[in-house]
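> Could you look at this predicted model? Sequence included:
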Amino acid sequence: MPLVGALGVLWFGRLRNEWTKLIALVASITTGALSLWVLQAFDTSDAGFQFVSLHEWIPAWGISWHLGIDGISLFLVVLTGVLFPLVIAGVDPHHDERPYLAWLLVLEAGVMGSFVSLDLFLFFVFFEIVLVPMYFLIGGWGYDQRVYAATKFFLFTMAGSAFLLVGIVATAMLSRDAVGEITFDVVRLAEQGSLSVDAGRWLFVAFAIAFAVKVPLFPVHTWLPDAHTQAPTAGSVILAGVLLKMGTYGLLRFGVYLFPEASVWARPMLYTLAVIGIIYGAIAATMQKDLKRLVAYSSVAHLGFIVLGTFALTDQSVSGGVMQMVNHGVSTGALFLLVGMIYERRHTRQIVELRGLQQVAPVFAGFFMIVMLSSIGLPGLNGFVGEFLILIGSFDTARWWVIIGTVGVVLAALYLLWAYQRVFHGEPDEANRGFAELRLREGLLLSAFVAIIIFTGVYPKPMLSRIEPSVKALIEHVEARTDYRQPVQGLAGE
């Protein structure tokens, strides 16, 4: 549907410009409505893949059109379906609207396809589709250094994709004898589990490098602050909201599922990189003068927690990691939206130039505070639930890393509260006295984000009840193929 919408935007938008946004909204809202229908129809008692579509695509090469959704991918699909229409409706590009909206719809198709693909080759196609529109969105509608940021994003991602392609092809070829034919089917490859220990570890490393770039995980994170800082507001919201989750999702869906022995083997290294990212991202955020760059570095820290929870390999930690993927997408996406609104009004993101905004725009300040507190992890808001599950679920299997990583929670409160105090408290100077309060459209857009933040924080059970069965099945899959046994735990909802 998004690809059809992109073609409609380019064709019919050329005939009548006023149709451009309407067509984009119809395509994106239809996709969002379908994702919500999937959420409603999802069977919480089924740990396997649902809504499966399996058709031959290139049979000579063992490539199939294999799509499906389980509890791990469900809410990422819903987040994608909800986030794109909100961004299309609420954020204007200010110039060249037709190609801008077309690229957004192509991007939506690529992201959605990545989350539902159960064929490695098909996943790679969608994974690469995402790269092109994001490059043009940053390079065409970004800020002063947009070309540099877009090129850096492109080169880093392409380097990671090279490792991914090698890993995908090698996995299919090395599994050929055991499976009986060349196949890229994720389920068949995972269930066969025929790779030698050494081969599995080398292939896991290839996949892990590719997804570490996408997360991004320290030390391959340096493209992210530049991309976020130079991207247009819509680009930053989508980048933080769903694109980065392709990395964390990939580590879980393909890294852990296809290579369980290697995942257990690599845990100490991944713990270490995750915790370094948590502390480094938090410290770097405290040193930023640009508000948008501060939020970008906070993502490095938050995503480190998700990686830590993923490879702790307990029901609680992995469920918390999946939940935190969604929560981070909502909270940090909303933060970038708010920072973009500040820039539209003041044409600066420098913290020292912003002061006293609470006096002139109290409603705006209130929204910013709620979103900021959710990012900190305040109990009662969405950020707390996933982070708490990650920490308690990881404690038995990664105790010292958890203790060190907890420092990042304290630092997050430090740099975000400090930024809020500098920007919103005090007496506004002359330049800030004209800061405009929220418009109706902006208020409605932010209200949607805040509603999700509060509902998920107060009542997380609907999410957990859908995530938990698939996570348990994945952990059982790892235990059946390795000597690993998770500590006896239960989810908060049990």
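Alright, I've got the coordinates.

> Next SSE downstream of the strand or helix carrying residue 415?
Element membership for residue 415 (DSSP states H and E) is helix 399-424. Moving toward the C-terminus from helix 399-424, the next helix or strand (DSSP H and E) is helix 440-458.

> quick check: mean pLDDT across that next one?
Mean pLDDT, computed over helix 440-458, is 94.

> C-terminal to that helix, what's the next element?
The C-terminal neighbour of helix 440-458 among helices and strands, as given by DSSP H and E, is helix 461-481.

> related to what we said a few turns ago, check which residues of the helix holding residue 415 are buried.
401-402, 404-406, 408-409, 411-413, 415-416, 419-420, 423-424 (16 or more other Cβ atoms under 10 Å). The C-beta positions use only the backbone N, C-alpha and C, and glycine is treated the same way.

> and what of stretch 161-170?
For stretch 161-170, a neighbour-count test (16+ other Cβ under 10 Å) marks 161, 163-165, 167-169 as buried.

> which one of the residues you listed sits closest to residue 67?
When the buried residues of stretch 161-170 are compared for distance to residue 67 (Cβ to Cβ), residue 168 wins out at 17.1 Å.

> need the contact list for that closest one.
By Cβ atoms under 8 Å, 6 or more residues apart in numbering, the contact set of residue 168 is 120-121, 124, 184.

> With residue 175 instead?
So residue 175 contacts 183, 189, 192, 194-195 (Cβ under 8 Å, 6+ apart).

> May I ask you to name the longest strand in this structure?
Across the chain, the longest stretch assigned as strand under DSSP state E is strand 50-58.

> Show me which residues of that strand are buried.
50-51.

> That one packs against which elements?
strand 63-69 (3 or more Cβ pairs under 8 Å, 6 or more residues apart in numbering; DSSP states H and E).

> So what touches the strand it packs on?
38, 42, 49-57, 77, 115-119, 121-122, 183-187.

> Output that strand in PDB with nothing but the alpha carbons.
In PDB, the C-alpha atoms belonging to strand 63-69 read as follows (Å, rounded to 0.1, in the frame of the first residue of the first chain):
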ATOM      1  CA  ILE A  63      14.000 -17.500  -2.500                       C
ATOM      2  CA  SER A  64      10.300 -17.100  -1.400                       C
ATOM      3  CA  TRP A  65       7.900 -14.400  -0.600                       C
ATOM      4  CA  HIS A  66       7.500 -15.400   3.100                       C
ATOM      5  CA  LEU A  67       5.900 -13.000   5.400                       C
ATOM      6  CA  GLY A  68       4.600 -13.400   9.000                       C
ATOM      7  CA  ILE A  69       4.200 -11.700  12.300                       C
END
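
> Which element is encountered next along the chain beyond it?
Counting by DSSP H and E, what follows strand 63-69 is helix 71-90.

> and that following helix with strand 50-58, angle?
90 degrees (axes from the mean of the first three to the mean of the last three Cα atoms, to 10 degrees).

> now helix 71-90, how far from the chain's geometric center?
On the basis of Cα atoms, centre = their mean, to the nearest Å, helix 71-90 sits 10 Å off its chain's mean C-alpha point.

> Could I get the average pLDDT for that helix?
Rounded mean pLDDT across helix 71-90 is 94.

> Could you tell me the angle between it and strand 63-69?
80 degrees.

> just the CA coordinates of stretch 162-170, formatted as CSV?
Output of stretch 162-170 as CSV, limited to C-alpha atoms (Å, rounded to 0.1, in the frame of the first residue of the first chain):
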residue,chain,number,x,y,z
ALA,A,162,28.0,-5.9,2.9
PHE,A,163,28.6,-8.1,6.0
LEU,A,164,24.9,-8.9,6.0
LEU,A,165,24.8,-10.0,2.4
VAL,A,166,27.9,-12.2,2.8
GLY,A,167,26.3,-13.7,6.0
ILE,A,168,23.0,-14.4,4.3
VAL,A,169,24.5,-16.1,1.2
ALA,A,170,26.9,-18.1,3.3
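
> to the chain's geometric centre, what's the distance from that stretch?
Mean-position distance between stretch 162-170 and its chain equals 22 Å (Cα atoms, centre = their mean).

> So what does residue 485 have for phi and psi?
Dihedral angles of residue 485 (phi, psi; degrees, to the nearest 10) stand at phi -140, psi 120.

> right, and it touches residue 479 too?
Yes - judged on Cβ atoms under 8 Å, residue 485 makes contact with residue 479 at a distance of 6.0 Å.

> Where is the longest helix in this protein?
As assigned by DSSP state H, the longest helix anywhere in the chain is helix 315-346.

> what's the average pLDDT for that helix?
On average, helix 315-346 scores 94.

> go on, stretch 474-484?
91.

> can you check stretch 102-120 too?
Stretch 102-120 comes out with an average pLDDT of 95.

> how far out from the middle of the chain is it?
For stretch 102-120, the distance to the chain centre is 13 Å (Cα atoms, centre = their mean).

> Using PDB, write down the CA coordinates of that stretch.
Extracted C-alpha coordinates of stretch 102-120, given in PDB (Å, rounded to 0.1, in the frame of the first residue of the first chain):
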ATOM      1  CA  ALA A 102       6.900   9.800  -2.000                       C
ATOM      2  CA  TRP A 103      10.200   9.000  -0.300                       C
ATOM      3  CA  LEU A 104       8.500   8.800   3.100                       C
ATOM      4  CA  LEU A 105       6.000   6.200   1.700                       C
ATOM      5  CA  VAL A 106       8.800   4.200   0.100                       C
ATOM      6  CA  LEU A 107      10.600   4.300   3.400                       C
ATOM      7  CA  GLU A 108       7.400   3.000   5.200                       C
ATOM      8  CA  ALA A 109       7.200   0.100   2.700                       C
ATOM      9  CA  GLY A 110      10.900  -0.800   3.400                       C
ATOM     10  CA  VAL A 111      10.500  -0.700   7.200                       C
ATOM     11  CA  MET A 112       7.300  -2.600   7.200                       C
ATOM     12  CA  GLY A 113       8.700  -5.200   4.900                       C
ATOM     13  CA  SER A 114      11.800  -5.600   7.100                       C
ATOM     14  CA  PHE A 115       9.700  -6.400  10.200                       C
ATOM     15  CA  VAL A 116       7.500  -9.000   8.500                       C
ATOM     16  CA  SER A 117      10.000 -10.800   6.200                       C
ATOM     17  CA  LEU A 118      10.700 -14.500   7.000                       C
ATOM     18  CA  ASP A 119      13.000 -15.000   4.000                       C
ATOM     19  CA  LEU A 120      16.600 -13.800   4.400                       C
END
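
> just to revisit the earlier point, out of the contacts of residue 175, which sit inside helices?
Among those, the ones falling in helices (DSSP H) are 189, 192.

> just the contacts of residue 175: which has the poorest pLDDT?
Pick the lowest pLDDT in those and you get residue 194, at 75.

> Tell me how far the residue nearest to that residue when sequence neighbours are not counted lies from residue 188.
Spatial nearest neighbour of residue 194, chain neighbours left out: residue 178 (3.1 Å); criterion: Cβ to Cβ, 6 or more residues apart in numbering. Residue 178 sits 10 Å away from residue 188, going by Cβ to Cβ, to the nearest Å.
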